[in-house]
Structures are given as structure tokens and as C-alpha cells.
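Asks: A structural model of the following input is requested.
(4 chains)
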There are 2 protein chains.
Amino acid sequence: MITVADTFKALGDPVRLEMVQRLASGASYTVGGLSNGLGITRQGARKHLQVLTEAKLITLEPKGRETQVRLDRDSLETARSFITELERRWDKRLEALRDFVELEAPVKEDSTVPA
Amino acid sequence: MITVADTFKALGDPVRLEMVQRLASGASYTVGGLSNGLGITRQGARKHLQVLTEAKLITLEPKGRETQVRLDRDSLETARSFITELERRWDKRLEALRDFVELEAPVKEDSTVPA
DNA sequence: GCAATATGCAACCAATAAGTTGCATATTAC
DNA sequence: GTAATATGCAACTTATTGGTTGCATATTGC
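Replies: All right, here's what the predicted structure looks like:
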């Protein structure tokens, strides 16, 4: 099975992140097109596409001589909501901590000014 | 400088992701506490903490004999908004594509039913 | 048909990462 | 003061990753 860690791992490389950005923003891309201007060989780029494919961040659809690369929104969505959930819990935890502190020292007066 | 790819890379490991989850949900953690129950040695865990620290996902604050581990919300936030932006562009792109198709074939009639 | 184009696959190499063991050191409990 | 605890650092091993070159193959343009 594919985990969230797999998704993050796939996104955790500058070349692959560049690829994903291109796909999100730009027009249609073939394998060859996506491999240009990355500073590595086509076969090197191909390996990155393989990683992205296994993480289900993209899908490759062969059509005749060339194969089209398509971004798959679902994995992105999963990764994003994972982080969102982490942040939610973290906020909740901080809130609970704050309440606790207030309970322990309910009326914190300014000790620098004598009554 | 630390990039978004660095953040994703740091999150892209099951052990580190587990650590981050614990920190987001649970109570206070020391280095030692966080290293338990991960199936690896303390020193192994320590390396993962180092990676998380370099990605600024956590901060280590030594206090006497032990050192406290604290989750840093900012990097999470950056990672999340990066994905959000990708999704936004992707949606926009699809929308534009749809408009284009409608323009090319404005009135798509049912060809299976002869007039 | 033939050349050019788009792609895939395998073998290999170097660098990085994940994990270990071993040892050193500082703080705390008693 | 001494023992136990919490941690850090370095060396080493193995697996994974990122990259390359070389070769094979299928589709398309003319």
C-alpha cells in the first residue's frame, strides 16, 4: 500500500517538485517535454517520473509514439489534509496547555507594581 | 537555505512522520521519550531528530540533563500552503481547458439519435 | 521503406541515508 | 561522592537513491 510518507518522499526532491509544479501550472506535457531543462538526462528524469508514478502523484498514458503525463490531484489532497490535521491537533494541544496554565495561576497580577 | 523540498523530504520517512504525529498530538516529549517504541535504537532515532531539526520542523531545547523536543508549526504551514497553491493552479488550468473545449465544440448533440 | 523521433529497460557508479556499536560526558538522585 | 540517567558524537556497514551510458523498440513523417 502507498502511505502518506511515500507521497511526501516523492515530493521531497527538487527535480520532482519542479515537475509537479510544471504539471500543475503549465499546458500538456509528454515524458520527453517534462524531461527538458532539468539539468539531467532523459533517463534520469524518467526515473523521477517513475517515483512520482509509484506515489500516484502522476499517471502516464501512452498514446502512439509519445506518452502523456497527467497530474493526479488525489495524492496531493491526501498530503495536504494530513498536514491540516496535524496542525489542528497541535493547536488543540496548545489550547489545552494554555487553559491548564490559567487554571494553575488564574489571576496573574503585575508584581512590579506594588499595591 | 531550506527549501520546501527539504521539508517534504524530512516528512517523507515513516519514523519521522510518526515522531511528528506524536509531537502534534501528545504531551511533552524529551529526546529519549520520543525515541522509544520506534523499533530502532536511540542513536538511530537521534539521527531522525537531526533531520527534522535541520528542516526546522522541530526545535531541541536542552534543559539540564534532558532536552525537550518542540514541534515548529511554521514549516508545516509552508508545506501545506505550497500544496494548496499547486491545487489552486491545477484547478484553474482544468477550468481553462474546459472553457476551451466548450468553445471548440459549443453544442455537442447526441449523435446516436438521428434528427 | 527509411530516417527521425519518443520512449523504455538494464547495468553500472557514486553519493547519501538509515541503522548499528562503542565510547564520552554531563546532570541528577540518593 | 557515586551510581544511574539522558544525551551526544564518531566510525562503520549496508541499502537506497540519483545519475549516467548504452542499447532496443515502436511509431510517425515523408
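
Asks: neighbours around A:Met19, how many?
Replies: Per other C-beta atoms under 10 Å in any protein chain shown, the neighbour tally for A:Met19 reads 24. Using the backbone N, CA and C atoms, a C-beta is placed for each residue, glycine as well.

Asks: Could you see whether chain B lies near the longest helix along chain A?
Replies: For chain A, the helix that runs over the most residues, judged by DSSP state H, is helix A:73-104. Yes. Helix A:73-104 lies within reach of chain B by C-beta under 8 Å from any C-beta of the partner chain, at A:73, A:76-77, A:79-80, A:83-84, A:86-87, A:89-90, A:93.

Asks: now the angle from that helix to helix B:73-104?
Replies: Counting by axes from the mean of the first three to the mean of the last three C-alpha atoms, to 10 degrees, helix A:73-104 lies at 150 degrees to helix B:73-104.

Asks: Could you export the residues of helix A:73-104 next to chain B as JSON lines, including distance to A:Met19, neighbour count and pLDDT?
Replies: Shown next, in JSON lines, are the residues of helix A:73-104 next to chain B (distance: C-beta to C-beta, whole Å; neighbours: other C-beta atoms under 10 Å in any protein chain shown; pLDDT from 0 to 100):
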{"residue": "A:Arg73", "distance to A:Met19": "15", "neighbour count": "15", "pLDDT": "94"}
{"residue": "A:Leu76", "distance to A:Met19": "13", "neighbour count": "21", "pLDDT": "97"}
{"residue": "A:Glu77", "distance to A:Met19": "18", "neighbour count": "12", "pLDDT": "97"}
{"residue": "A:Ala79", "distance to A:Met19": "16", "neighbour count": "25", "pLDDT": "98"}
{"residue": "A:Arg80", "distance to A:Met19": "18", "neighbour count": "19", "pLDDT": "98"}
{"residue": "A:Ile83", "distance to A:Met19": "21", "neighbour count": "25", "pLDDT": "98"}
{"residue": "A:Thr84", "distance to A:Met19": "24", "neighbour count": "14", "pLDDT": "98"}
{"residue": "A:Leu86", "distance to A:Met19": "26", "neighbour count": "22", "pLDDT": "97"}
{"residue": "A:Glu87", "distance to A:Met19": "27", "neighbour count": "16", "pLDDT": "96"}
{"residue": "A:Arg89", "distance to A:Met19": "31", "neighbour count": "16", "pLDDT": "95"}
{"residue": "A:Trp90", "distance to A:Met19": "31", "neighbour count": "18", "pLDDT": "94"}
{"residue": "A:Arg93", "distance to A:Met19": "36", "neighbour count": "17", "pLDDT": "86"}
